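Visitor: my questions concern the predicted model and sequence given below.
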Amino acid sequence: MSELVRVHDHPVLGTFAFDSSMDCWQTQSTVPLGGTDQVVLSLSVNGDTDVPAERFDDAARILRRLDPRTLRRIVAEHYLELYNDIWCQDDEDLDHDGFCARITPTSIDIDEDGVQIYFDDGGLFLGHSILMLLDMELQLAEIKLAG
């Protein structure tokens, strides 16, 4: 017998489905992040599949507070020099704007500890994701290459 698909419809974020393999609620389509980006949003539940509706509202508020330009700037501050010094495959270094233009936020995972934002590296780091970890006050906790 197949598992019953559990869904939650949110007026701002759209439809979420529970993914038991990842223990999270995940949007079924991308949601807006700023004026130009679209991301997949996940709410990790750590075993409690009955998430209060307020948790989805909190996620919408968090998304509204995240500015993709600021997020890209933070990544560039941490990784532009590393890219130009070690990862650059040609003779031309990228400037800040060129670096920011290449990276794209793709998914956001929100749990009780904070926010994880995954970026596509645009080929800068040979396909490694860039992972930004924010605390619940949306202050940078860590940033690293992943995958």
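Guide: In hand now; what should we look at? Numbering: from 1, shown residues only.

Visitor: downstream neighbour of the longest helix seen in the chain in the secondary structure list?
Guide: Longest helix in the chain, counting residues (DSSP state H): helix 68-82. Counting by DSSP states H and E, the next helix or strand C-terminal to helix 68-82 is helix 96-102.

Visitor: in the longest helix of the chain, which residues are buried?
Guide: Within helix 68-82, the residues scored as buried using 16 or more other C-beta atoms under 10 Å are 68, 71-72, 75-76, 79-80. In this view, the C-beta of every residue, glycine as well, is placed from N, C-alpha and C.

Visitor: which elements pack onto that helix?
Guide: helix 96-102, strand 104-111, strand 114-120, strand 129-134, strand 140-146 (3 or more C-beta pairs under 8 Å, 6 or more residues apart in numbering; DSSP states H and E).

Visitor: do that again at 10 Å, thanks
Guide: strand 31-33, strand 37-44, helix 96-102, strand 104-111, strand 114-120, strand 129-134, strand 140-146 (3 or more C-beta pairs under 10 Å, 6 or more residues apart in numbering; DSSP states H and E).

Visitor: circling back to that earlier point, between the buried residues of helix 68-82, which sits nearest Asp135?
Guide: Leu71 (14.6 Å; C-beta to C-beta).

Visitor: verify the stated contact: that closest one with Ile103.
Guide: Yes: Leu71 lies in contact with Ile103 (C-beta atoms under 10 Å); the separation is 8.9 Å.

Visitor: joint contacts of those two?
Guide: 119, 130 (C-beta atoms under 10 Å, 6 or more residues apart in numbering).

Visitor: please name the nearest non-neighbouring residue to Trp87.
Guide: Of all residues not flanking Trp87 in the chain, Phe125 sits nearest, at 5.6 Å (C-beta to C-beta, 6 or more residues apart in numbering).

Visitor: how many other residues sit next to the one you found?
Guide: 19 (other C-beta atoms under 10 Å).

Visitor: OK, contacts around it?
Guide: Counted by C-beta under 10 Å, 6+ apart, Phe125 has contacts 79, 82-83, 86-87, 103, 119, 145-147.

Visitor: appreciated, that's everything.
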